[in-house]
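Undergrad: coords please:
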Amino acid sequence: MKEGRQPSLSLIIASQQPGAIDKEVLSQCDLILCHKVTALEDVDAINKLSHDYMAHELRHYIRQLERTGEAVMVDNFREIVTVVQIRPRKSKRGGAEAQ
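TA: Numbers count the residues shown, from 1 in each chain. Down below sits the predicted model:
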């Protein structure tokens, strides 16, 4: 992953268990979307991505998530943290085509 950091090249990593992702991989992330996580190991892994421009640690923002589809978005390029609402999926589960 570190070798592939080039302009116009992106990598998306999605996991339901962020604590299992290598810390070096997480530290390279410039944009983070984090839904509600409750496992201590996962919260700690995400919290280590807190930056000095944030008003609070990431664990604070994660605890504030209440509604289905809410996520904390951390944009290191613009140095902002905000809560976003992800729309419900429109396709059927299991990869079937939407009607």
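Undergrad: Could you use CA atoms for every contact and neighbour count after this?
TA: OK.
Undergrad: Quickly list what the residue positioned nearest the centre of the chain is bridged to.
TA: The centroid of the chain falls nearest to Leu33 when counting by Cα atoms, centre = their mean (2.7 Å). With beta bridges defined as DSSP bridges, Leu33 has these partners: Met73.
Undergrad: Now do the contacts for it.
TA: Ala71, Val72, Met73, Val74 (Cα atoms under 8 Å, 6 or more residues apart in numbering).
Undergrad: Now do the strands in this protein.
TA: Ranges of strands in the chain, per DSSP state E, are 31-34, 70-75, 80-85.
Undergrad: chain center to the first one: distance?
TA: Put plainly, it is strand 31-34. 3 Å (Cα atoms, centre = their mean, to the nearest Å).
Undergrad: Wait, Gly69 touches Arg89, no?
TA: No. Counting by Cα atoms under 8 Å, Gly69 stays clear of Arg89, with 9.9 Å between them.
Undergrad: re earlier: hey, which of the strands of the chain is tucked in deepest?
TA: Stretch with highest mean neighbour count among the strands of the chain: strand 70-75 (a mean of 20; mean count of other Cα atoms under 10 Å).
Undergrad: what angle do that one and strand 80-85 make?
TA: With axes from the mean of the first three to the mean of the last three Cα atoms, to 10 degrees applied, the angle from strand 70-75 to strand 80-85 works out at 150 degrees.
Undergrad: quick one on the thing from earlier: pick out whichever of Gly69 and Arg89 has more residues nearby.
TA: When Gly69 and Arg89 are compared for neighbours, Gly69 comes out ahead with 14 against 9, by other Cα atoms under 10 Å.
Undergrad: got the CA coordinates for stretch 68-83 in PDB?
TA: This file holds the C-alpha atoms of stretch 68-83, laid out as PDB (Å, rounded to 0.1, in the frame of the first residue of the first chain):
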ATOM      1  CA  THR A  68     -29.000   3.900  11.200                       C
ATOM      2  CA  GLY A  69     -26.700   5.000   8.400                       C
ATOM      3  CA  GLU A  70     -24.800   7.700  10.400                       C
ATOM      4  CA  ALA A  71     -21.000   7.800  10.100                       C
ATOM      5  CA  VAL A  72     -18.200   9.900  11.200                       C
ATOM      6  CA  MET A  73     -16.200  11.300   8.200                       C
ATOM      7  CA  VAL A  74     -12.600  12.400   8.800                       C
ATOM      8  CA  ASP A  75     -11.100  14.300   5.900                       C
ATOM      9  CA  ASN A  76      -7.400  14.800   6.600                       C
ATOM     10  CA  PHE A  77      -6.900  16.800   3.400                       C
ATOM     11  CA  ARG A  78      -9.400  19.500   4.500                       C
ATOM     12  CA  GLU A  79      -8.800  18.800   8.200                       C
ATOM     13  CA  ILE A  80     -12.500  18.400   9.100                       C
ATOM     14  CA  VAL A  81     -14.600  15.900  11.000                       C
ATOM     15  CA  THR A  82     -18.300  15.700  10.400                       C
ATOM     16  CA  VAL A  83     -21.200  13.300  10.900                       C
END
